[in-house]
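J.: Pasting the sequence and the predicted model now:
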Amino acid sequence: DAGVTQSPTHLIKTRGQQVTLRCSPKSGHDTVSWYQQALGQGPQFIFQYYEEEERQRGNFPDRFSGHQFPNYSSELNVNALLLGDSALYLCASTLGGEQFFGPGTRLTVL
Amino acid sequence: GENVEQHPSTLSVQEGDSAVIKCTYSDSASNYFPWYKQELGKRPQLIIDIRSNVGEKKDQRIAVTLNKTAKHFSLHITETQPEDSAVYFCAASSAGGTSYGKLTFGQGTILTVHP
């Protein structure tokens, strides 16, 4: 049984560019959450998707958007990248219980 | 919204000693409190969690206590081993029905266990 997977593992972008990160949840999990973890800090909640809709959202600007597909996989899109968007982006999936985290995507904005 | 404060930010112990990490939360609606261990360059992994209808939970060398009145919860690790060295995060969430909402994390505690 595969756990939560994310792609790519690492990504380097320049300011102003756009990026798409991908997440495949643990088998059977229907809810996906995205978190941003800056270096030396705890993860910060971006948003959560359930039944292909954004159910909850944290304090992130509209530059951060997402999508969930019928197979429960999800994408995180960030437009107009800023230097401050450099972080580890974590995806977590759940079926109404414990949230299982993926390995993350390390995004560097130059 | 919810705010979670975690202390200490760093903790250094000798192998075999106990380690205690404390967190406070602000939102009385929070009812689910997980603890995650994150090793360098790896994903956060759940080590123990507690729900608000329980005051204490144990799993081998790890225990968590919850005081709802004071809005604080603590992680206790006994007989620490060098493999316990990592960053530990507490979190709080408002879980309703069968769904678990967003996790609000503390700032993390860097635990170092010296052989």
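T.: Alright, I've got the coordinates.

J.: Work out for me the element the residue nearest to B:T80 when sequence neighbours are not counted sits within.
T.: Distances taken as Cβ to Cβ, 6 or more residues apart in numbering or on different chains place B:V113 nearest to B:T80, at 4.6 Å, with adjacent residues excluded. Every C-beta, even on glycine, is put in place using the N, C-alpha and C of the backbone. Secondary-structure assignment from DSSP states H and E places B:V113 in strand B:109-114.

J.: same thing with B:L46?
T.: strand B:45-51.

J.: Just want the residue of chain B that's nearest chain A.
T.: For chain B and chain A, the shortest gap (Cβ to the nearest Cβ) falls at B:F105, measuring 3.3 Å.

J.: Let me see the contact set for that residue.
T.: B:F105 sits next to A:G42, A:P43, A:Q44, B:V4, B:Y36, B:F89, B:C90, B:A91 when contact means Cβ atoms under 8 Å, 6 or more residues apart in numbering or on different chains.

J.: can you pull up the bridge partners for the residue sitting nearest the centre point of chain A?
T.: Among the residues of chain A, the one closest to the centroid is A:W34, at 3.6 Å (Cα atoms, centre = their mean). Listed by DSSP bridges, the beta-bridge partners for A:W34 are A:F47, A:C91.

J.: How about B:S52: what's its closest non-neighbour residue?
T.: For B:S52, the spatially nearest residue (Cβ to Cβ, 6+ apart) is B:N31, at 3.9 Å.

J.: Please pull out the lowest mean pLDDT helix or strand from chain B.
T.: Lowest by mean pLDDT, DSSP states H and E among the helices and strands of chain B is strand B:99-100, with a mean of 52.

J.: would you list every one of the strands in the chain?
T.: Defaulting to chain A. With strands called from DSSP state E, chain A shows them at A:5-7, A:10-13, A:19-24, A:31-37, A:44-50, A:53-57, A:64-68, A:74-78, A:87-94, A:100-101, A:105-109.

J.: wrong one, chain B
T.: B:4-7, B:10-14, B:19-25, B:32-38, B:45-51, B:56-59, B:62-67, B:72-77, B:86-92, B:95-96, B:99-100, B:104-105, B:109-114.

J.: just to revisit the earlier point, relative to A:S24, which of the contacts of B:F105 is nearest.
T.: Nearest to A:S24 among the contacts of B:F105, counting by Cβ to Cβ, is A:P43 at 18.8 Å.
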